[in-house]
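Asker: The sequence isn't on hand, but the structure is:
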């Protein structure tokens, strides 16, 4: 089936540790995105990538890093520099020429 | 700057009632897109509709309908004869034309609960 796959669904991290969230899409979309969602709030853009080997910071990039070595993959690393990492993280993708973005199922990250 | 306001934080209805979710937006762009997404308890955001700012025709898809009024900067969403499966958080979103998700602004969402 075509779609966006995020893993893991649930992740626990100790303070001071980095953690990487995986995002893979087989929709042949050029652009990929990472959003953060906090309880009772809307989504905020962390990073996005329009093409392979290129990415830009979104509104809340501090404490996060990404890579885009392959068109279908856009992993997000939550570093120890991120002060409040506990949140729901959503990966998304879109065809370059259209405005609609499609989302994965999300990953819950909890810092313990 | 863009802004999307969903003033209704939570709505609770009984099954088969009609319900309207409000969305008001602000933008300085002359052309833009408006969206509605549904987020069920599983977490995934499901795309429902995209509307171009040039097209003010209302749209109906089954039990769902959307009323776009540029004069009042509103893009309201109505569910007719609501069902328990409609229970979810609904997000309205806005982006300038041609920018895709890099400038997509979301409202804070409306939690809809449909009780049997």
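Answerer: Arrived safely. Since the model is a prediction, treat every value here as computed from it, not as a measurement. Numbering: from 1, shown residues only, chains lettered A, B, ... in the order given.

Asker: and chain B, which residues reach chain A?
Answerer: Residues of chain B lying close to chain A (CB under 8 Å from any CB of the partner chain) are B:4, B:9, B:33, B:35, B:37, B:42-47, B:50, B:91, B:95, B:97-102, B:104, B:106-109. For the C-beta atoms, the positions are set from N, CA and C on the backbone; glycine is no exception.

Asker: at 10 Å instead, please
Answerer: B:4, B:6, B:9-10, B:32-33, B:35, B:37, B:39, B:42-47, B:49-50, B:52, B:89, B:91-93, B:95-109, B:111 (CB under 10 Å from any CB of the partner chain).

Asker: out of these, which are buried?
Answerer: Buried members of these, counted by 16 or more other CB atoms under 10 Å in any protein chain shown: B:4, B:6, B:32-33, B:35, B:37, B:39, B:43-45, B:49, B:89, B:91-93, B:95-96, B:100-109.

Asker: just checking, which of these belong to strands?
Answerer: B:4, B:32-33, B:35, B:37, B:39, B:49, B:89, B:91-93, B:95-96, B:105-106 (DSSP state E).

Asker: Nearest to the spatial middle of chain A, which residue is it?
Answerer: Closest to where the C-alpha atoms of chain A average out (CA atoms, centre = their mean) is residue A:34, at 3.0 Å.

Asker: Setting the sequence-adjacent residues aside, check what's closest to residue 13.
Answerer: By default, I'm working from chain A. The spatially closest residue to residue A:13, leaving aside those adjacent along the chain, is residue A:19, at 4.6 Å (CB to CB, 6 or more residues apart in numbering or on different chains).

Asker: To clarify, I was referring to chain B.
Answerer: Spatially, and ignoring its direct neighbours in sequence, residue B:13 is nearest to residue B:19 (4.9 Å; CB to CB, 6+ apart).

Asker: For the one you found, the count of nearby residues, please.
Answerer: 20 (other CB atoms under 10 Å in any protein chain shown).

Asker: Would you mind confirming that it is in contact with residue B:112?
Answerer: Yes - contact status for residue B:19 versus residue B:112: in contact at 6.6 Å, counting by CB atoms under 10 Å.

Asker: Now the common contact residues for those two.
Answerer: Residues touching both residue B:19 and residue B:112 (CB atoms under 10 Å, 6 or more residues apart in numbering or on different chains): B:8, B:11, B:12, B:13, B:77, B:79, B:82, B:86, B:90.

Asker: most surrounded residue in these?
Answerer: Neighbour-wise, the shared contacts of residue B:19 and residue B:112 (other CB under 10 Å) top out at residue B:90, 25 neighbours.

Asker: Distance of that one relative to residue B:54?
Answerer: 24 Å (CB to CB, to the nearest Å).
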